[in-house]
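In: From the sequence below, what's the structure:
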Amino acid sequence: MSKIKLIEIHSDLGGRIAGASLGADAVRLASYSLPKFANFYERFQNELYTEIKAPNKFYHADIKYPLAKRIELIYPILMQICDVVSNSVIQNDFTLLISGDHSTASGTIAGIKQAMPNARIGIVWIDAHGDVHNPYTSDSGNLHGMPLSTAINDNNLDCRFNEIDNETAEWWEKVQEIGGTKDKINFADVVYVGLRDYEQAERYIINKYDCKIFKSFDVHNLGGTEVACQIGNHLEHCDVICISLDVDSLDPSVSTGTGTPFENGLYGYEVKELIKTLISFEKTKCLEISEINPILDTNNKMGKVAFDILKTACRSVDLKYHHNK
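Out: Alright, predicted model coming up:
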């Protein structure tokens, strides 16, 4: 088997609804319910496993910074994620994260950049939402809607409608600088898959950088494999590719076990096809799966779907390893 570093992140702090911190546990529980895969997690031992726990007990505490909620609590978690991911990349492991709310992707991207400061990083963002708000444009202040903005040196000030205080601005700048630079990615190197629920400010910056978008109906019509191949061609100029999968990219008929479900999404088999082909590319070094919320689910349906995707991902990494050996 190839070396896959599993990082489980238990965080609710950036999300709209608490419960995503239990997502990694829900995926594990799904594996235990299948006798054939009861020992699946045994490969992730010792240096191949890290668990990161956020101080979720403060989720319902008073909000100090309404335009960047809990940013002072999220910042040290992102720093920790950055260092763990960076070490994994340096050791040439495939990095696999099962995270809580999607704000943790800020640390993931920062970690890749910290490990590969001169690399051009391509991002495949499989998500119903744009996640490129910031404190100047967000109407909720939830950081799970801002991770891509922490990786680009552009606060989209043309669309600002919030006046933020100096302390919030300082915290936001600190988050942007995790990994050593605000310019972690060129936003034109982000490919969206399943995008269908995003606001005017996000639409503006996505159009500004001419980001490639595959809507759900594109995946339905072309198939996950063909879409992944087109993504590979589009990101051919990049040195490394990271996949960030928010399970709200899936259609609510697949599961409602996520905090922000939205209709007309992807199906489980399509996401597996996407992941399988994307991971087969030599440049793909990282996959993060986020926003699984068993509190909102029935019979751990989303946990089971996510475990099915996880199995596909690990099998694909193993096949790539043996093919290249």
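In: what about residue 94, neighbour count?
Out: Applying other Cβ atoms under 10 Å, we find 23 residues neighbouring residue 94. Glycine gets a C-beta too; all of them are placed from N, C-alpha and C.
In: State the distance from residue 20 to residue 101.
Out: 5 Å (Cβ to Cβ, to the nearest Å).
In: Counting neighbours, go ahead and name the busier of those two.
Out: Between residue 20 and residue 101, counted using other Cβ under 10 Å, the more crowded position is residue 20 (35 against 31).
In: Quick check: nearest residue in space to the more buried one, chain neighbours excluded?
Out: Using Cβ to Cβ, 6 or more residues apart in numbering and skipping residues adjacent in sequence, the residue nearest residue 20 is residue 100, 4.0 Å away.
In: what's the burial count for the one you found?
Out: 31.
In: hang on, the earlier thing: so what's in contact with residue 20 and residue 101 at the same time?
Out: The overlap between the contact sets of residue 20 and residue 101 (Cβ atoms under 8 Å, 6 or more residues apart in numbering) consists of 11-12, 259, 290-291.
In: Is it possible to mark the buried ones in these?
Out: Neighbour counting over those (16 or more other Cβ atoms under 10 Å) leaves 11-12, 259, 290-291 as the buried ones.
In: if I pick residue 99, what's in contact with it?
Out: Neighbours of residue 99 in contact, by Cβ under 8 Å, 6+ apart: 7-9, 11, 20, 23-24, 105, 108, 288-290.
In: Can you lay out the residues you listed as TSV showing distance to residue 139?
Out: Shown next, in TSV, are the contacts of residue 99 (distance: Cβ to Cβ, whole Å):
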residue	distance to residue 139
7	31
8	31
9	26
11	22
20	20
23	25
24	29
105	20
108	25
288	25
289	27
290	21
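In: in terms of contact, does residue 312 touch residue 272 like I think?
Out: Yes. Look at residue 312 against residue 272 with Cβ atoms under 8 Å: they come within range, at 4.6 Å.
In: sec struct for the residue nearest to the spatial centre of the chain, please.
Out: Nearest to the mean C-alpha position of the chain, by Cα atoms, centre = their mean, lies residue 244 at 3.5 Å. State at residue 244, reduced to three classes by DSSP: H, G, I helix; E, B strand; the rest coil: strand.
In: From residue 55, how far out is it?
Out: Distance of residue 244 to residue 55, computed by Cβ to Cβ: 23 Å.
In: what about the residue lying closest to residue 281 once chain neighbours are set aside, is that helix, strand or coil?
Out: Once flanking residues are discounted, residue 281 sits nearest to residue 232: 5.3 Å by Cβ to Cβ, 6+ apart. Of the three states, residue 232 takes helix under three-state DSSP.
In: what bits of this structure have low per-residue confidence?
Out: Along the chain, segments meeting pLDDT under 70 span 1, 323-325.
In: quick one, helices of it?
Out: Applying DSSP state H to the chain gives helices spanning 23-32, 71-90, 105-115, 166-176, 200-208, 216-222, 224-234, 268-280, 301-324.
In: I'd like these as CSV, with distance to residue 143 and mean neighbour count appended.
Out: As requested, the helices of the chain are exported to CSV (distance: least, Cβ to Cβ, whole Å; neighbours: other Cβ atoms under 10 Å):
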stretch, distance to residue 143, mean neighbour count
helix 23-32, 16, 21
helix 71-90, 6, 21
helix 105-115, 8, 28
helix 166-176, 8, 17
helix 200-208, 15, 16
helix 216-222, 25, 16
helix 224-234, 26, 18
helix 268-280, 24, 22
helix 301-324, 22, 19
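In: okay if I get those as a markdown table plus distance to residue 250?
Out: Listed next are the helices of the chain as a markdown table, based on distance: least, Cβ to Cβ, whole Å:
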| stretch | distance to residue 250 |
| --- | --- |
| helix 23-32 | 14 |
| helix 71-90 | 24 |
| helix 105-115 | 17 |
| helix 166-176 | 28 |
| helix 200-208 | 20 |
| helix 216-222 | 10 |
| helix 224-234 | 12 |
| helix 268-280 | 7 |
| helix 301-324 | 7 |
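In: Ok, which of these comes nearest residue 132?
Out: helix 200-208 (5.1 Å; Cβ to Cβ).
In: who's in contact with that closest one?
Out: Identification of contacts with helix 200-208 by Cβ under 8 Å, 6+ apart yields 129-133, 137, 154, 156, 158-159, 161, 187, 192, 198, 213.
In: Likewise for stretch 271-284?
Out: Under the contact criterion Cβ under 8 Å, 6+ apart, stretch 271-284 has outside partners 94, 122, 124, 126, 193, 219, 223-225, 227-229, 231-232, 235, 238-243, 245, 249-250, 287, 308-309, 312-313, 315-317, 319-320, 324.
In: what do you get for stretch 46-54?
Out: 3-13, 21, 73-74, 77, 80-81, 84, 93, 100.
In: ok, back up a step: can you name the two of the contacts of helix 200-208 that sit furthest apart?
Out: Checking the contacts of helix 200-208 with Cβ to Cβ, the most distant pair is 161 and 213, at 24.1 Å.
In: Looking at these two now, which is surrounded by more residues?
Out: Counted by other Cβ under 10 Å, residue 161 and residue 213 do not tie: residue 213 has more neighbours, with 18 against 10.
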